[in-house]
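**Student:** 3D, please:
(2 chains)
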Amino acid sequence: MMRRMMRPMLRKAQSLAALAAIVALAALISPVAADGSRIFLQIGNLTDILRQISLIGMISLAMTLVILTGGIDLSVGSTLALSTALTAMCLTRVWPNASYSSHIALAMATALAVSTLAGAMNGVVVATLRIQPFIVTLASMIGLRGLAKWLTDNENIDIGFGRDVAAEFAAVFRQKAIVVGSFVCAAAVFWTVLTRTVFGRYVRAIGDNEKAAEYAGLPIRRTKVWVYSLTGLVAGFAGVLYAAENHQGNPNAGVAYELDAIAAVVIGGTRLSGGKGTVSGTIVGALIMGVLTNMLRLNNVDSNVEMMIKAVIIVLAVAVQRERD
Amino acid sequence: MSNSILQAIDIGKRFGGVAALRCVNLEIQAGEVHALMGENGAGKSTLARIIAGVVRADSGSLVVDGQPAAIASPRDAQRLGIGIIHQELDLFPHLTAGENMVVGNLCFQEGRLARFRRMELFCRPFLEQVDLRCGVHTPAASLSIAQRQLLAIARALSMNARLLLMDEPTSALFHDGVERLFGLIRGLRGRGVSVVYVSHKMDEILRLADRVTVLRDGQTVGTREAASTDAAELIGMMVGRELEMAGGPRLRASDEVAMTVEGLRTGRLCDISFTLHRGEVLGVAGLVGAGRSQLGAALFGLDRIHSGSINLGGAPLYARSPGEAMRRGIGLVPEDRRLQGLMMNMSVRENGTLTVLGRMQRLGFIRGAFANGELEPVARQLALHCQSLDMCVSDLSGGNQQKVLLARWLLLHPQVLFLDDPTRGIDVAAKQDIYRLIEELAASGMAVILVSSELPELLRCCHRILVLREGRMTAIYDSAEATQEKIMASATVSEARG
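**Tutor:** Predicted coordinates for the structure are as follows:
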């Protein structure tokens, strides 16, 4: 009986142990700076890792909820691109007479509203038409990407190279503290939602056994619409940060982000069929991916080799955490 | 001992920290029907699955035809002539009957191409043998449960099985299906096929089996000749005490009406009318497919109601979703607790409180202490045995899982509780707990609708018994006048008898 109680703890410790092992390896093989310190362990580098994983990390937090309901959201990358493009367009093309702060607020609100709406649309179609989430979000992945490209005429909208509202926006929202802080806040919020709220309990229950959720009278449709809307909102927010960080509204941004987000979720031990998974696991999953990327880049490993190594890590991580009977 | 076909010697098996089998011995002779009995969790199914190669034993050995046998996979078992009919009938629903029979069948020489003609020639005699009248090309999903079971048996026979393991084969069947199955089993025995029959049902075992082996807590208690034993002895071996099955309900129902149903018609039901009083237990009897579960689905807002009316507590009820039905005070414990009832990855606590989170929250946050305060007394009332409320429900026995599901509905205090076969596949002691609970609920003024495949159970618990046949209500009996024979007649005989 003790062993039975210990098992989940051990499994949780496993992913943390994997993270610790990769951090230790990264420190060990890290190139050494002129002053003799290891570059990997410098504060600047460590916070860079956090910054680099923040966007995907945020998205994967929301993706965790989607996957817990037994669904998937392939449209997050396209939503991010749409949001990025909208932010840039609003900052450069409309409301020329607004004050800086209200202009920025309006631009963000527009981008977030549209992204949330896109997510809600996914949710409504998934929940009411009962089409598989994979298909629904595959369609919106294509459609939203098209929308982003059509709105921008296939062009990058550069922002923040002059001395205008866009520059102000980029200067604020590309700060490390803002980006990393957003991720940390999102993580705290999602963790609380999943472990402490009725909504979070419903999310897990629906993914665990949707039929039983129906028999228990749970609000299945409403919960799903909320989950997908939330994912749209988070992907949209990541898009706003992307615009600031890259000084552009790029309709081709975020390609394959959905896959990176899904990878972080499954490395974190969440079951792809739903019902089982944690936010803390996803955070560890995102960290593992981030540290790994950083380690390989510091050591000048070819980016194609990097992908191959990541492939192995994904399979290994899931193999280690798989359930035994 | 010379005609012993299989011996299992000192079999042990652990699942995680739990010992499912400790030291089990079983000996099967050629051409006998050997019943394997025991409460749920006693290890019957595990033993059957070990013999069939689905699960591997940790210790002990198997001997087939006097030779030590290593059965590491279902394929090994098939080579030795051992076939299993699982409780859940593991057929491929989208394949045809014939395809189901030849997939993985070592006796059927599969060429590169699927040869339909050859498949048909191969399958036909076995389908005839089990008297399954369906085309070889019928998809398994379109067969009834009883037909699927025959198909599973035909498949095992076509694999040249000399030993058939049947795990609770009648749990989904009603009277006529059971009789046909028994006839088939006797026929197989006549041809020298041995059958290991895993079941809870005493009368079936005493009628059918040649010998009975009883398991308790993963150990063999003993083997008896069926002819020289009786129910009392076997129950004594299973639980060590007598089973209380006598008498109808002890308390009278009140005259206050809880619910009236008039002329109810749905896609599967026709002209159902009854009145349910507070404190009353109304039984629902009928063959599988007679519309018993559909009655619950209609009341609970799962099926659309075409015509007729339901009146609950003085106001009409038109529930279009379970949520609405719940708010109006109807509860439903579904027939299949794994598929329709429980979240198998969630804890006892999470499962138990799922329907009442609405009142256990503040601003959307779950109030844990408050939830425990409500769940714990209910768990005690149900005699729910678990290490802690944080245990995953998948680690509980069937009976305790059912109690978790009941707890979920008791916390909601419904006015009308629809229990769809609540004792299906659970052990004797848990059944007693559930009978006691139904009595307590009725005494507290709740109206209970109890669906059951076991007539003694209905006679034991119900004030009145409603009988369904093919979606129509054919009779309603008071407990005083009801007998098994009358109910059976109403459930099976068509009106055309004159």
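**Student:** residues near B:G135, how many?
**Tutor:** 12 (other Cβ atoms under 10 Å in any protein chain shown). (Each C-beta comes from the backbone N, C-alpha and C, glycine too.)
**Student:** no, scratch that, I was asking about A:D35
**Tutor:** 6.
**Student:** Could you do the one 4 residues further on as well?
**Tutor:** Neighbours of A:I39 under the rule other Cβ under 10 Å: 15.
**Student:** next one: B:L91
**Tutor:** 22.
**Student:** again, but for the one 5 residues further on
**Tutor:** One way to gauge burial is a neighbour count; for B:T96, by other Cβ under 10 Å, it gives 21.
**Student:** quick one: contacts for it?
**Tutor:** Contacts of B:T96 were listed using Cβ atoms under 8 Å, 6 or more residues apart in numbering or on different chains, and they are B:136-140.
**Student:** dump the residue contacts of residue 204.
**Tutor:** You didn't pick a chain, so chain A it is. Here A:R204 is in contact with A:68, A:194, A:275-276, B:343, B:345-346, B:350 (criterion: Cβ under 8 Å, 6+ apart).
**Student:** The intended chain is chain B.
**Tutor:** B:170, B:178, B:182.
**Student:** Which helix or which strand is home to it?
**Tutor:** helix B:202-208 (DSSP states H and E).
**Student:** ok, the helix or strand that that helix is followed by: who's next to it in the sheet?
**Tutor:** Counting by DSSP H and E, the element after helix B:202-208 in chain order, helix or strand, is strand B:211-216. Strands adjacent to strand B:211-216 in the sheet, as given by DSSP bridges, are strand B:33-37 (parallel), strand B:219-225 (antiparallel).
**Student:** Contacts made by strand B:211-216 with the rest, please.
**Tutor:** Contacts of strand B:211-216 (Cβ under 8 Å, 6+ apart): B:24, B:26, B:29, B:32, B:34-39, B:42-44, B:47, B:205, B:220-226, B:229, B:234, B:237-239.
**Student:** out of the residues you listed, which are buried?
**Tutor:** B:24, B:26, B:32, B:34-39, B:42-44, B:47, B:205, B:220-221, B:223-224, B:226, B:229, B:234, B:237-239 (16 or more other Cβ atoms under 10 Å in any protein chain shown).
**Student:** Give me the spatial nearest neighbour of B:L466, chain neighbours excluded.
**Tutor:** Nearest in space to B:L466, with sequence neighbours left out and distances taken as Cβ to Cβ, 6 or more residues apart in numbering or on different chains, is B:I476 at 4.8 Å.
**Student:** what about that neighbour, distance to B:F274?
**Tutor:** 6 Å (Cβ to Cβ, to the nearest Å).
**Student:** which neighbours do these two share?
**Tutor:** Between them, B:I476 and B:F274 share the contacting residues B:L466, judged by Cβ under 8 Å, 6+ apart.
**Student:** show me what contacts B:T229?
**Tutor:** B:206, B:212.
**Student:** Using just helix, strand and coil, how would you label residue 27?
**Tutor:** Going with chain A. helix (DSSP: H, G, I helix; E, B strand; the rest coil).
**Student:** Switch to chain B, please.
**Tutor:** Assignment for B:E27 (three-state DSSP): strand.
**Student:** Please name the nearest non-neighbouring residue to it.
**Tutor:** B:Q7 is the one closest to B:E27 (Cβ to Cβ, 6+ apart), at 4.9 Å.
**Student:** how far does the strand or helix carrying B:G60 sit from the chain's center?
**Tutor:** B:G60 belongs to strand B:59-64 when assigned by DSSP H and E. Centroid displacement of strand B:59-64 relative to its chain, using Cα atoms, centre = their mean, to the nearest Å, is 30 Å.
**Student:** for it, which positions count as buried?
**Tutor:** B:60, B:62, B:64.
**Student:** which of those lies closest to chain A?
**Tutor:** B:G60 (19.5 Å; Cβ to the nearest Cβ).
**Student:** For the residue lying closest to B:A48 once chain neighbours are set aside, list each beta-bridge partner.
**Tutor:** Nearest non-adjacent residue to B:A48, counting by Cβ to Cβ, 6+ apart: B:L165, 4.5 Å away. Listed by DSSP bridges, the beta-bridge partners for B:L165 are B:I84, B:V196.
**Student:** and the gap between B:L165 and A:I22?
**Tutor:** B:L165 is 48 Å from A:I22, by Cβ to Cβ.
**Student:** The two: who's more crowded?
**Tutor:** B:L165 (29 against 19).
**Student:** distance between the very next helix or strand once past the strand holding B:G60 and the chain's centre?
**Tutor:** Proceeding N to C from strand B:59-64, the next assigned helix or strand is strand B:67-69, under DSSP H and E. Between the mean C-alpha location of strand B:67-69 and the chain-wide mean there is a distance of 34 Å, by Cα atoms, centre = their mean.
**Student:** counting contacts, what elements does strand B:67-69 pack onto?
**Tutor:** Other elements packing on strand B:67-69 under the criterion 3 or more Cβ pairs under 8 Å, 6 or more residues apart in numbering or on different chains; DSSP states H and E are strand B:59-64.
**Student:** And for the strand it packs on, what's in contact with it?
**Tutor:** B:4-13, B:23-24, B:50-51, B:68-71, B:80, B:82.
**Student:** Buried ones from these, can you make that a ChimeraX selection?
**Tutor:** Here is the ChimeraX command that picks out the buried ones among these, judged by 16+ other Cβ under 10 Å:
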select /B:4,5,6,7,8,11,12,13,24,50,51,69,71,80,82
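**Student:** Where strands are concerned, which of the contacts of strand B:59-64 count?
**Tutor:** Secondary structure from DSSP state E places B:4-13, B:23-24, B:68-69, B:82 of the contacts of strand B:59-64 in strands.
**Student:** Which of those residues sits closest to chain A?
**Tutor:** B:K13 (11.8 Å).
**Student:** ok, what's across the strand from the closest one?
**Tutor:** Bridge pairing for B:K13 - DSSP bridges - gives B:L21.
**Student:** Cool, thanks, signing off.
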